[in-house]
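Enquirer: return a 3D structure for these sequence lines:
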Amino acid sequence: MLTVHYLGTGAAVPSPGRDNTSLALDDGREVTLVDTSGSPLKQLGEAGIAPDRLSRVIITHEHLDHTFGYPSLLQSLWLVGRKSPLDVYAQAATWRVLDGLTDLYRSDRWTDVFPLHKHQIEPGERPFVETDRITVRAGRGKHSVPSVGLRIETSSGSALTYSSDTSPCDEIRELARSASVLVHESTFLAGQEEQAARFGHSTARQAAEVAAAARVERLVLIHFTPFGPDDLASLRQGAEAAFGGQIEVPSDLDTLALA
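Expert: I've put the predicted structure just below:
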């Protein structure tokens, strides 16, 4: 079973009780962290995940709300005495930002640091992570910078797709084809499509249209900032107009179980 922990569910502007978006994928043995917002070690701890179970980190794109916790994560793991290697995956453009952050905080001065294995993500049909429990492959999103969505498949045959930041696009739609769950960004409310397109994002209705076209079983709306008491209900209503399956609007630290 794969357990998805929503460590953060907010867009670039966080709100009380809702941090920037990041996910922890727990396959029962190893944990994969997707994006590094906030204080990742604190978030993992709040989710009940021991830091020594973290095996890899995948960072979908270079924007601040997805990367700024990266040097904090590395330093925190070093300070708690991690010795085992950590695999980190990102695209070339994202690596330039990540390397710049670690240079800024002078990570080269840390002594006796655990091995860091850096990998470059190449979107396509071939998985860039393969274990006996999960595989992960990437598809290009449509955003203001190079960004990838992810498709995680379990050894039992279930599949979850995470869009990361993107306007609706064919590659993410195909990445989600017949998935059990689509976790799709919904930065804007239905009716704000022009604004969403300007920033390379999606509305809740557009996320639902992707879910319907991809024939997924369940849609999870993520990466949003509710500014008013009715915004969460509006997100759901916008999606319900285009998708007849199950729709979820999680809060931080909610979980999803995938068989």
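Enquirer: buried ones in the helix or strand hosting residue 71?
Expert: According to DSSP states H and E, residue 71 maps onto helix 70-79. Buried positions in helix 70-79, judged by neighbour count with 16 or more other Cβ atoms under 10 Å: 70, 71, 72, 73, 74, 75, 76, 77, 78. Every C-beta, even on glycine, is put in place using the N, C-alpha and C of the backbone.
Enquirer: can you tell me which of these is closest to residue 29?
Expert: residue 77 (18.5 Å; Cβ to Cβ).
Enquirer: please report how far that closest one lies from residue 36.
Expert: Counting by Cβ to Cβ, to the nearest Å, the gap from residue 77 to residue 36 is 12 Å.
Enquirer: count the residues that sit near the closest residue to residue 227 other than its chain neighbours.
Expert: Spatially, and ignoring its direct neighbours in sequence, residue 227 is nearest to residue 15 (7.7 Å; Cβ to Cβ, 6 or more residues apart in numbering). Residue 15: 14 surrounding residues under other Cβ atoms under 10 Å.
Enquirer: beta partners for residue 15?
Expert: Legend: beta-bridge partners of residue 15 under DSSP bridges are residue 18.
Enquirer: residues touching it, list them.
Expert: Contact partners of residue 15, counting by Cβ atoms under 8 Å, 6 or more residues apart in numbering, are 225, 226, 227.
Enquirer: please pull up the helix or strand immediately following the helix holding residue 71.
Expert: strand 86-90.
Enquirer: now name the helix or strand holding residue 207.
Expert: Using DSSP H and E, residue 207 maps to helix 204-214.
Enquirer: run the chain-centre distance for that helix.
Expert: Centroid separation between helix 204-214 and its chain, computed with Cα atoms, centre = their mean, to the nearest Å, is 18 Å.
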